[in-house]
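S.K.: Here is my input, please return the structure:
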Amino acid sequence: MKRSLAMMLALIMVCALPGIASANGKGSINGACITQNAVSIELEDIKFEKSVKVELFSGDTLLTTATLQGVNPGIYGFLTCCIATETADANWALTPWTPKDDVVPNKVVLFVDDNKMDTMEFNLDAAEWAALPGTVLPSSGSIESAVITHDNGVLKNAVSVELKDVTFAESVAVRLYSDGTLLTTATLKEKVLEANKNYDYVTCCIPTVDEDEAWSLTSWIPRDKIVPNKAVLFVDGNELDTKKLTLNAEAWAALPGTVPYSGSIERADITHANGVLKNAVSVDLKNVNFESSVQVQLYSGDTLLTTATLQGVTPGSYGFLTCCIATETADANWALTPWTPKDNIVPNKAVLFVDGHEQDTKTFTLDTDEWANLPGTAFPSSGSTTGGESHWHPPVTPAPVPVVVIPPKTGDMTIWQSILHFFGVI
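M.R.: Here you go, the predicted structure:
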């Protein structure tokens, strides 16, 4: 009897457990609709000890979370969760969000004391949603055209990119390209235009000298031979449009601020040390204009022998420069990649690079004997290198090999051998 009573009591306790657990928190969603400046969620039979939260979605995208505040824990037959599109309701704190005209909420999820209680899907009128104060226009914009403009007191010497139907929440940026090479990015400065408004036209000014007051530029060097031919528009970090451009190359090159890089190879010859020149292949360069670097690659046929890089010279324009590729110690102004000048490998081609761009190629014929006689050139089997220092070593005189003479026994010597042996000669 006692055993049966115990079993019945245990069964009653097990059956009662779900009721006890559910008593800790409960609630459901009764409906959702648009009210003045908000989406209002009707909650029913709410009982909570710590918290009530409502998550608002559009599809699978969480828009914001509303958390009840300033209300004592307890039991409430009805609660209205007010998710405002402008200033948050005093009793419902919202996580940061931007209500977008074209992103219409359609689902809510209720959490009580951090436990998921209910989910409801609903349909709001899209036009009514978009008309709510606080909802913002979706990001928009396109590129209408791009032209070269000239300083006239209003415009600047620049590439001016005309943008159309621009709406942004955070940022507007235009990337300027020449083929696949990004030249610079122009970004609209803060507070120049008011966000979340539509602008029929906006001009993005990319000057070749300095910056426009409204547009910051990433660092760039406008090159007269690198003509922009593409612009890409980004609004709020999203790529919205691309426009191919056809600018007049001469008009571009004539803009103040465009910088030419130039240079050509006049000739190449062997020079000899005379206090000014070195024992070297000297390559005469003409009309060199550079911003960052000048390099000359020296070849024999298709084989790259060494690369000479100009150093210690201020960037600028030079009518003439002599690139000295020494066969012994490198010239102070021309650093060389390590190489071994070989007697039988005669240089016959030089290629000029200015600021990383190939500018000119020159083939030439050097006297084979004169090349082989230059100090520092090595025999074909040699493994020495020429670069920052000379690696020549004087020839080593082989040590004499001792000859051991074993004297015969005295009894077998002639008289002369005996005499020589006596004096230690043999």
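S.K.: going forward, measure contacts and count neighbours with C-alpha atoms only.
M.R.: Will do.
S.K.: quick one: contacts for Leu188?
M.R.: Contacts for Leu188 were tallied using CA atoms under 8 Å, 6 or more residues apart in numbering; they are Ser171, Val172, Ala173, Cys204, Ala214, Trp215, Ser216.
S.K.: again, 7 Å this time
M.R.: Applying CA atoms under 7 Å, 6 or more residues apart in numbering to Leu188 gives the contacts Ser171, Val172, Ala173, Ala214, Trp215, Ser216.
S.K.: so which of these is the most crowded?
M.R.: Val172 (24 neighbours; other CA atoms under 10 Å).
S.K.: does that one really touch Asn238, like I thought?
M.R.: No: using CA atoms under 7 Å, Val172 is not in contact with Asn238; the gap is 9.3 Å.
S.K.: how about the nearest residue to Leu336, chain neighbours excluded?
M.R.: Leaving aside its sequence neighbours, Leu336 sits nearest to Ala308 (CA to CA, 6 or more residues apart in numbering; 4.6 Å).
S.K.: Tell me the spacing between the one you found and Gln295.
M.R.: With distances taken as CA to CA, to the nearest Å, Ala308 is found 6 Å from Gln295.
S.K.: Quick check: which ranges of the chain have low pLDDT?
M.R.: Within the chain, the ranges that satisfy pLDDT under 70 run 1-24, 154-155, 276-277, 381-426.
S.K.: quick one, helices of it?
M.R.: Assigned by DSSP state H, the helices in the chain fall at 2-22, 126-130, 249-253, 368-372, 415-422.
S.K.: that older thread, take the contacts of Leu188 and lay them out in TSV including distance to Ala84.
M.R.: TSV is the format used below for the contacts of Leu188 (distance: CA to CA, whole Å):
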residue	distance to Ala84
Ser171	25
Val172	28
Ala173	31
Ala214	34
Trp215	35
Ser216	36
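S.K.: Which of those fall within strands?
M.R.: Under the assignment DSSP state E, the contacts of Leu188 contribute Val172, Ala173, Trp215, Ser216 to strands.
S.K.: Among these, which one lies nearest to Asp200?
M.R.: Checking the ones in strands among the contacts of Leu188 against Asp200 with CA to CA, the nearest one is Val172 at 14.2 Å.
S.K.: Who does that closest one form a beta bridge with?
M.R.: Val235 (DSSP bridges).
S.K.: gap between Asn373 and Thr149?
M.R.: Counting by CA to CA, the gap from Asn373 to Thr149 is 60 Å.
S.K.: higher neighbour count, the two?
M.R.: Between Asn373 and Thr149, counted using other CA under 10 Å, Thr149 has the larger neighbour count: 19 against 12.
S.K.: residue contacts, the residue positioned nearest the centre of the chain?
M.R.: Centroid check for the chain by CA atoms, centre = their mean gives Leu182 as the closest residue, at 10.3 Å. Counting by CA under 7 Å, 6+ apart, Leu182 makes contact with Leu176.
S.K.: go again using 8 Å as the cut-off
M.R.: Arg175, Leu176.
S.K.: Check Phe111 too.
M.R.: With CA under 8 Å, 6+ apart, Phe111 has these contacts: Ser51, Val52, Lys53, Val54, Met117, Asp118.
S.K.: what do you get if the cut-off is 10 Å, keeping everything else the same?
M.R.: The contact partners of Phe111, by CA atoms under 10 Å, 6 or more residues apart in numbering, come to 25-28, 48, 51-55, 67, 117-119.
S.K.: Looking at those, which are in strands?
M.R.: Those of these lying in strands (DSSP E): Lys26, Gly27, Ser28, Phe48, Val52, Lys53, Val54, Glu55, Thr67, Met117, Asp118, Thr119.
S.K.: Make CSV out of the contacts of Phe111 and add neighbour count.
M.R.: Below are the contacts of Phe111 laid out as CSV (neighbours: other CA atoms under 10 Å):
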residue, neighbour count
Gly25, 23
Lys26, 23
Gly27, 23
Ser28, 20
Phe48, 21
Ser51, 18
Val52, 25
Lys53, 22
Val54, 26
Glu55, 19
Thr67, 19
Met117, 15
Asp118, 17
Thr119, 14
